[in-house]
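Chemist: Next come a sequence and a model predicted from it.
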Amino acid sequence: MSDKTMTADAAVSRLADGMTLGIGGWGSRRKPMALVRALLRSGISDLTVVSCGGPDVGMLAAAGRIRRLVAPFVTLDSIPLEPHYRAARERGTLELTEIDEAMFLWGLRAAANRLPFLPLRAGLGSDVMRVNPGLRTVTSPYDDGETFVAVPALRLDAALVHVNRADRRGNGQYLGPDPYFDDLFCEAADAAYVSCERVVETAELTKAAAPQTLLVKRHTVTGVVEAPNGAHFTSCAPDYARDEAAQREYATTPWTEFATRFLAEAPLGGRT
């Protein structure tokens, strides 16, 4: 079995301009902020970002790195509207494909299964179809003849996710209340980079937690980055809660001023 550990900078060095990049977590919860910081340092741009958006989207949008965003929402949770993302939208600096959460989930599932689309009832009769004129419908080939939305696969060039624990082979474990869609991001991507609070031996992963917590499977993972506090200022339950003071500072500080401090912080991540 190969040792997949690397630094955050080494992981990001494998990305390139113009990629479609999936970012795991949800709003301001368990976002791979150490990897986002490395991405911001890299200068990589012209990205299509697929995310249940939080400060990852806000920072990349403020820095002008996103060409197109695919998302069901962008929020800081305790601060409902992500201010840096909102400012980018008001300036018209990025394209937006806004779909509902069910479509987002089904798009990732289609990509994970290497299908071109999956049928779904969600969206029919709503403005989701109006604001996304490229969406198509399909008719069931069976006797019911029902019409469904054909949700296109959200295929990713690469994915970035953060979990509580991982081993060197790429098995990733979440210990909080919600898996979010992190496993699907990894399965939908050609390459996946998983940061974690701590790298442990494989046997340790199930000593104090059920096998079902092994959310991310090693065959879907390209690189593992040990990044203690690597989701900060977002939450990474049960290891730590969201740092509300730091989030408020982010939300109320002009991006150029905040970025100077944020990007100057010591990079997180272990082996090269």
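Modeler: Okay, I see it. Numbers count the residues shown, from 1 in each chain.
Chemist: Based on its surroundings, how many neighbours for E244?
Modeler: Neighbours of E244 under the rule other CB atoms under 10 Å: 15. Placement of C-beta: from N, CA and C, glycine included.
Chemist: Now it. Nearest residue, chain neighbours left out?
Modeler: S78 (6.2 Å; CB to CB, 6 or more residues apart in numbering).
Chemist: Look at that neighbour and report its pLDDT.
Modeler: On pLDDT, S78 comes in at 96.
Chemist: before we move on, what SS does it have?
Modeler: Per DSSP: H, G, I helix; E, B strand; the rest coil, the secondary structure class of S78 is coil.
Chemist: looking at it, it is touching A245, isn't it?
Modeler: No - using CB atoms under 8 Å, S78 is not in contact with A245, being 11.2 Å away.
Chemist: Between these two, which is the more surrounded one?
Modeler: Ranked by neighbour count (other CB under 10 Å), S78 and A245 place S78 first, with 12 against 9.
Chemist: Quick check: bridge partners of V138?
Modeler: The partner list for V138 in beta bridges (DSSP bridges) reads F148.
Chemist: From V70, how far out is it?
Modeler: 20 Å (CB to CB, to the nearest Å).
Chemist: With A246 instead?
Modeler: Distance, A246 to V70, by CB to CB: 27 Å.
Chemist: surely L96 meets R86?
Modeler: No - contact criterion CB under 8 Å: L96 and R86 do not qualify, at 11.5 Å.
Chemist: helix/strand/coil for A10?
Modeler: Under the three-state scheme (three-state DSSP), A10 adopts helix.
Chemist: got any ranges where the stretch 101-250 of the chain has weak pLDDT?
Modeler: Within the stretch 101-250 of the chain, no range satisfies pLDDT under 70.
Chemist: Show me the strands in it, by range?
Modeler: 117-120, 136-139, 147-152, 156-166, 172-173, 189-199, 223-226 (DSSP state E, counting those that start in this stretch).
Chemist: what's the fourth one packed up against?
Modeler: In terms of contacts (3 or more CB pairs under 8 Å, 6 or more residues apart in numbering; DSSP states H and E), strand 156-166 is packed against strand 20-23, helix 33-42, strand 172-173, helix 182-188, strand 189-199.
Chemist: again, only using 7 Å
Modeler: Helices and strands touching strand 156-166, by 3 or more CB pairs under 7 Å, 6 or more residues apart in numbering; DSSP states H and E, are strand 20-23, strand 172-173, helix 182-188, strand 189-199.
Chemist: right, and the strands of the stretch 101-250 of the chain - which one's nearest V74?
Modeler: strand 156-166 (16.4 Å; CB to CB).
Chemist: Run the angle between that closest one and strand 189-199 for me.
Modeler: Interaxial angle of strand 156-166 relative to strand 189-199 (axes from the mean of the first three to the mean of the last three CA atoms, to 10 degrees): 20 degrees.
Chemist: then strand 156-166 to CSV, C-alphas only?
Modeler: C-alpha atoms of strand 156-166 as CSV (Å, rounded to 0.1, in the frame of the first residue of the first chain):
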residue,chain,number,x,y,z
LEU,A,156,-14.6,17.2,-11.2
ASP,A,157,-10.9,17.4,-12.2
ALA,A,158,-10.0,17.5,-8.5
ALA,A,159,-11.6,17.6,-5.0
LEU,A,160,-10.4,19.1,-1.7
VAL,A,161,-12.0,17.8,1.5
HIS,A,162,-11.2,17.9,5.2
VAL,A,163,-11.9,15.1,7.7
ASN,A,164,-11.1,14.4,11.3
ARG,A,165,-8.7,11.5,10.9
ALA,A,166,-7.1,9.7,8.0
